Every structure is written in structure tokens, then in C-alpha cells.
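Peer 1: compute the structure for the input listed below.
(one chain, ligands or ions: 1)
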Amino acid sequence: MEEYEMKVTKIKNGTVIDHIPAGKALSVLSLLELTGKEGYTIALVMNVKSRKLGIKDVVKVENLEINPNLLNRLALIAPEATINIIRDYKVYEKRKIALQDVVENILKCNNPTCISRQYNEPIISSFRVISKKPLKLKCNYCMRYLNESEVIEQIVERSKF
Ligand SMILES: [Zn+2]
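Peer 2: Okay, the predicted model is just below:
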């Protein structure tokens with residue numbers, strides 16, 4: 001039994017995201033577009049001991065099986081995260097996450113004159129993944145690069161709610 005299981009009650013139905021790098025749980029919620037206002041019961045456990053990561057965060061969301069497309073976004077900040085879909089207290093499915101080749105509508109281009117940044121243009125941001133480790137993305141419109149620290153900065157900024 002892992003230590004966090006003693007700290008958080010098991011959920012009957014929902015999604016458990018384990019092996020999140022320590023301190024990133026709020027960014028995970030931001031990427032999953034969970035603000036706490038949706039009414040789901042959400043448990044955040046931060047800085048628990050883990051054999052695999054040293055310390056880690058865990059997020060549990062009750063009564064929601066998170067859309068796999070949203071889960072894949074987590075690869076941006078938590079590539080080693082493991083996803084368990086829980087039904088009736090049992091692990092119904094374990095999902096792996098994988099960073100897609102194109103990341104759309106999550107991050108914004110750092111070039112202020114990029115067409116994807118213009119409010120009067122109905123264009124969503126779109127980046128090609130050039131490298132996964134370290135993370136490096138390239139804007140599909142203006143070709144500006146976005147590096148790992150810039151990606152994290154954007155996600156952390158959004159998770160301050
Ligand atoms: Zn751009």
C-alpha cells in the first residue's frame with residue numbers, strides 16, 4: 001500500500017492521476033480544464049513519497065472519466081503520469097499518456113504579432129512537437145519556438161486560480 005492511500009479515501013468511480021512530478025498538481029488541473037467549479041469532488045495530494053519519483057503529487061477526480069484527448073496534454077508537464085479509471089472501487093482501465101505530434105489550442109505563441117494571437121482572427125494556436133525531451137515546440141503559423149520552461153510558465157500562470 002502506498003502512503004498516499006492512507007491519506008485519501010478510495011474513490012468509487014472516477015479518475016486517479018498518479019506519478020505527477022511534485023508541485024505540478026495544480027498545473028495538471030489547469031491542463032484538464034478543471035477549475036473546481038464543475039462540482040466534481042477533487043482530491044489533490046502533494047509531496048508524497050514515491051519509490052519511482054522521490055516525491056510526487058496525486059490527483060483524484062470523483063465521478064469523471066477524463067477524456068483521453070485531455071489526458072494526453074499532461075505529457076507536456078507530467079510525461080510519467082499514470083492514469084487509472086476507477087469503476088466500483090476497482091481499477092477498470094489503466095491508460096498511458098502520449099504527447100501528440102501537434103498540440104492545438106492549449107498554449108499560446110510567444111510572438112505577439114503571430115496570426116494565432118490576433119483576437120479578430122478565428123485561428124486556434126497550433127504547435128508541432130520538435131522534441132519531447134527536452135520539450136520543444138514550433139508554432140505552425142510563425143515558426144517561433146516554444147521551449148520547456150516557456151510551456152511550464154504558461155501552464156503555471158493559468159493554474160493560479
Ligand atoms: Zn506563432
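Peer 1: could you measure from residue 131 over to the ion?
Peer 2: Going from residue 131 to the ion by C-beta to the ion, to the nearest Å gives 18 Å. All C-beta atoms are positioned from the backbone trio N, CA, C, and that covers glycine.
Peer 1: tell me the SS of that residue?
Peer 2: Put simply, residue 131 is strand when judged by DSSP: H, G, I helix; E, B strand; the rest coil.
Peer 1: check residue 150 too.
Peer 2: helix.
Peer 1: helix or strand right after the least confident helix or strand in the chain by mean pLDDT?
Peer 2: Of all helical and strand segments in the chain, the minimum by mean pLDDT, DSSP states H and E falls on helix 3-7, at a mean of 54. Using DSSP states H and E, the next helix or strand after helix 3-7 towards the C-terminus is strand 14-21.
Peer 1: what distance separates the helix or strand following that following strand from the centre of its chain?
Peer 2: Moving toward the C-terminus from strand 14-21, the next helix or strand (DSSP H and E) is helix 25-31. Put simply, helix 25-31 sits 6 Å off its chain's centre (C-alpha atoms, centre = their mean, to the nearest Å).
Peer 1: packing partners for helix 25-31?
Peer 2: Helix 25-31 sits against strand 42-50, strand 54-62, helix 148-158, with contacts defined as 3 or more C-beta pairs under 8 Å, 6 or more residues apart in numbering; DSSP states H and E.
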